[in-house]
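Enquirer: Test case, fold it:
(one chain, ligands or ions: 1)
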Amino acid sequence: MKDTHRHQGKRKQLVKVIQAKGIQNEKVLEAIGRVPRHLFMDSGFEDHAYEDKPFPIAADQTISQPYTVARQTELLDVKPGDKILEIGTGSGYQAAVLLEMGAQVYTIERQKELFKKTNLFLPRIGYRTKKIVFGDGYKGLPEFAPFDGIIVTAGAPFVPKPLMEQLKVGGNLVIPVGKELQIMTVFTRKSEKEFIKNEFGEFRFVPLLEDKN
Ligand code: SAH
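Expert: So this is what the prediction gives:
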């Protein structure tokens, strides 16, 4: 569980790469610069951890590409103290970036194996979420709602209504919508009843799966 000078050097380069691809928010760049991504990956991929690419993790899932994590974090517009719900905990990398932004993080994962692994791993390297839940992200987390922001890190075939309902007025729901390809979509809640929708280009995620039962 080491973070060496070599890792830190590679991470600085990664920050430059994603900045060149268009990430402007300094706080987001700093957060990416602090999270030791190599620790979130299987040791076989460690040498590639600071390439701007997704990689396989357990249970046929992936750790998202750093650019995508940075872009979603930027679109979420996180402020210190914000209460954020993440759907799709996966490796915990996105959750760690949100914690580095000063957010209070609630995150849901539907794969038992990943849930167990990440639930042990994050605190072990000093990242303390408010809650990691084993469950179905389509339902959100009504018992902890409302949230200042909600981020979905898997491709959603449609926008789950509970997620819209669990957003505070003024908050953003950042969600890649689509089946094969997804359009990064941001819904900003303007009032109880009114949402504004903006779209931010194509991405490719693993699918947000509906309940096994
Ligand atoms: N944020 C993760 C990305 C993981 S990939 C990271 O930084 O590593 C997307 C994750 O969403 C996978 O772990 C997958 O198991 C999970 N997922 C898919 N459908 C889900 C659902 N309905 N509810 C919760 N998690 C889901």
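Enquirer: Alpha carbons only: can I get the strand or helix carrying residue 122 in CSV?
Expert: According to DSSP states H and E, residue 122 maps onto helix 112-124. Presented in CSV, the C-alpha positions along helix 112-124 are these (Å, rounded to 0.1, in the frame of the first residue of the first chain):
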residue,chain,number,x,y,z
LYS,A,112,-21.7,-8.1,-3.3
GLU,A,113,-18.1,-8.9,-4.0
LEU,A,114,-17.2,-5.3,-4.9
PHE,A,115,-19.3,-3.9,-2.1
LYS,A,116,-17.4,-6.0,0.4
LYS,A,117,-14.0,-5.3,-1.0
THR,A,118,-14.4,-1.6,-1.3
ASN,A,119,-16.1,-1.3,2.1
LEU,A,120,-12.9,-2.6,3.7
PHE,A,121,-10.5,-1.0,1.4
LEU,A,122,-11.5,2.7,1.5
PRO,A,123,-11.1,3.2,5.3
ARG,A,124,-7.9,1.2,5.2
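Enquirer: what does that helix contact?
Expert: 1, 40, 57-59, 61, 89-92, 95-96, 109, 128-129, 132-134 (Cβ atoms under 8 Å, 6 or more residues apart in numbering). Where you see a C-beta, it was placed from the backbone N, CA and C, and this is true even at glycine.
Enquirer: Could you list the paired strands of whichever helix or strand comes after it along with their orientation?
Expert: Of the helices and strands lying after helix 112-124 in sequence (DSSP H and E), the nearest is strand 131-134. Paired neighbours of strand 131-134 in the sheet (DSSP bridges): strand 104-109 (parallel).
Enquirer: So for the helix holding residue 122, what gets flagged as buried?
Expert: 114, 115, 117, 118, 119, 121, 122 (16 or more other Cβ atoms under 10 Å).
Enquirer: about what we covered before: ok, which of the contacts of helix 112-124 also contact the ligand?
Expert: The subset of the contacts of helix 112-124 within reach of the ligand, counting by Cβ under 6 Å from any ligand atom, consists of 61, 90, 91, 109.
Enquirer: I figured residue 133 hits residue 109, correct?
Expert: Yes. Judged on Cβ atoms under 8 Å, residue 133 makes contact with residue 109 at a distance of 7.5 Å.
Enquirer: Who has more neighbours out of those two?
Expert: Neighbour count, other Cβ atoms under 10 Å: between residue 133 and residue 109, residue 109 has more, with 29 against 19.
Enquirer: Tell me how far the nearest residue to the more buried one once chain neighbours are set aside lies from residue 190.
Expert: Residue nearest to residue 109 in three dimensions, not counting chain neighbours: residue 89, with 3.7 Å by Cβ to Cβ, 6 or more residues apart in numbering. Residue 89 sits 29 Å away from residue 190, going by Cβ to Cβ, to the nearest Å.
Enquirer: Look at the two and report which has more neighbours.
Expert: Ranked by neighbour count (other Cβ under 10 Å), residue 89 and residue 190 place residue 89 first, with 29 against 11.
Enquirer: What score does the more buried one have for pLDDT?
Expert: On the pLDDT scale, residue 89 is placed at 97.
Enquirer: quick check: longest strand of this structure.
Expert: Ranked by residue count, the top strand of the chain under DSSP state E comes out as strand 167-177.
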